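>>> Whatever this is, show me its structure:
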Amino acid sequence: MKMPNDLRRISKETLTPGGGLRLLALALFFVSCLSATGGNAQTRRNPPRPAATMRAAATYTNPIFDEDFPDPTVIRASDGFFYAYATQAMVAGKTLNIQVARSRDLTRWERLGDALPAKPVWANQTQKFWAPHVSQHGDTFYLYYSADPNTLTGLCLAVATAKSPQGPFTDIGKPLQCGKSFVNIDPMAYDDPRTGKRLLYWGSGFEPLRVQELAADRVSFKRGSRAREVVFPVKTEDPANYQRLIEGAWLTEREGFYYLFFSGDNCCGDKAHYAVMVARSRSAEGPFETLAAATGEPQSVILELNPRFIAPGHNSVVRDAAGDDWIIYHAIDVAQRNTEASIAGDRDVRRIMLMDRLVYRKGWPRVEWGSPSTLAKPAPVVAAGTRAAR
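Numbers count the residues shown, from 1 in each chain. I've put the predicted structure just below:
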């Protein structure tokens, strides 16, 4: 009888003697350099790691930020710090439109406050600010997010800019694009290193995820460009299928493939049923092939629930100094499932931030245990010595 993924993971993790965590952490870190490629014909080559400039491997335990911090985007800014941005929440009695926190090592986080303290004029009477993504170009930081407009039915993609990663960001004064329902949310900006195109991915619902080229100013779509559909929901009545509704696009490139991570089906509430899936392409604009289509697996899931953490999803991916990829995402802690989030409605559940290492087997990324880790694991390797944040 085949053991379920979550139980297999728990069984493997519980084999670790508590007294040997430090030694195991170091051993697993070196083994990971080999195991991450698995049967991939293309041998992965990690970048050099000068001992004098790298932090020694340490351990971490999920969650890495035990706060209501949904839809996390994590980047490393030019000041050397990692910054995490998240959907609107109430913190200490104050509404934060876009949450922001920072860390030196991806494992210990300091809350910084509100990255978007002033609402845009076109959405200053509403209370929905969702799923931010931030990228740095030169000395300017671009915040892509979603908001509920004052006068329209539906949601809009939006852009704000700042000269500091923690903000304050200032909206450009008008939405980038609006539409019916909740299709225009979850933006993710990506500069294609092969073509030089500035791309924006977005989408949520029972419609496909989309990509469109941005103009040189990064705050508008390129004139004459059109949105392309890159990943499609599965039309099924099967309640166990996560791909019935898709959202939360995140793109990363590795060894000739572009990997598009996405999440579905229901992030929140009493019936939360959410997981991370993946598709890949040789082009940043597709067409993308899902893991299920390529391998014959029933679904394209690489991260799903276990007895401790449920509904994991809406991820970002960060590459550490050793060349390893780390998936950072939110999930619901079962022990706190009855603890409501600070904002009601469709954000009425407390979602905390977790992290796990990705391994690549036969050209596909996988989360090591298939679900969120619950015990101490080797931490990412980051460059030592960071300057103070601006």
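>>> in the stretch 51-200 of the chain, what spans have low per-residue confidence?
Confidence mapping of the stretch 51-200 of the chain against pLDDT under 70 gives the ranges 51-57.
>>> how about the helices of the stretch 201-350 of the chain, start to end?
Using DSSP state H, counting those that start in this stretch, the helices of the stretch 201-350 of the chain run over residues 291-295.
>>> quick one: low-confidence ranges for the stretch 201-350 of the chain?
Applying pLDDT under 70 to the stretch 201-350 of the chain flags the ranges 337-348.
>>> Output stretch 297-316 as CSV, restricted to C-alpha atoms.
Extracted as CSV, the C-alpha positions of stretch 297-316 are listed here (Å, rounded to 0.1, in the frame of the first residue of the first chain):
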residue,chain,number,x,y,z
GLU,A,297,1.2,12.3,-12.9
PRO,A,298,-2.4,13.0,-11.9
GLN,A,299,-1.6,16.6,-10.9
SER,A,300,1.3,19.0,-11.2
VAL,A,301,1.6,19.5,-7.4
ILE,A,302,5.0,19.9,-5.8
LEU,A,303,3.8,21.2,-2.4
GLU,A,304,0.7,20.3,-0.5
LEU,A,305,-0.7,19.9,3.0
ASN,A,306,0.5,17.7,5.9
PRO,A,307,-0.9,17.1,9.4
ARG,A,308,0.8,20.3,10.7
PHE,A,309,0.4,22.8,7.9
ILE,A,310,-2.5,23.0,5.4
ALA,A,311,-3.2,25.0,2.3
PRO,A,312,0.4,26.0,1.4
GLY,A,313,0.8,28.2,-1.6
HIS,A,314,1.3,31.6,-3.3
ASN,A,315,5.0,31.3,-3.4
SER,A,316,8.2,33.2,-4.4
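>>> just how off-centre is it within its chain?
Taking CA atoms, centre = their mean, to the nearest Å, the mean C-alpha location of stretch 297-316 is offset from the chain mean by 12 Å.
>>> buried stuff in that stretch?
Within stretch 297-316, the residues that count as buried by 16 or more other CB atoms under 10 Å are 299-306, 308-316. C-betas here are computed from N, CA, C, even on glycine.
>>> what do you get for stretch 215-223?
So for stretch 215-223, counting by 16+ other CB under 10 Å, buried means 218, 219, 221.
>>> mind checking how far the second one is from residue 108?
Right, residue 219. Residue 219 sits at a distance of 34 Å from residue 108 (criterion: CB to CB, to the nearest Å).
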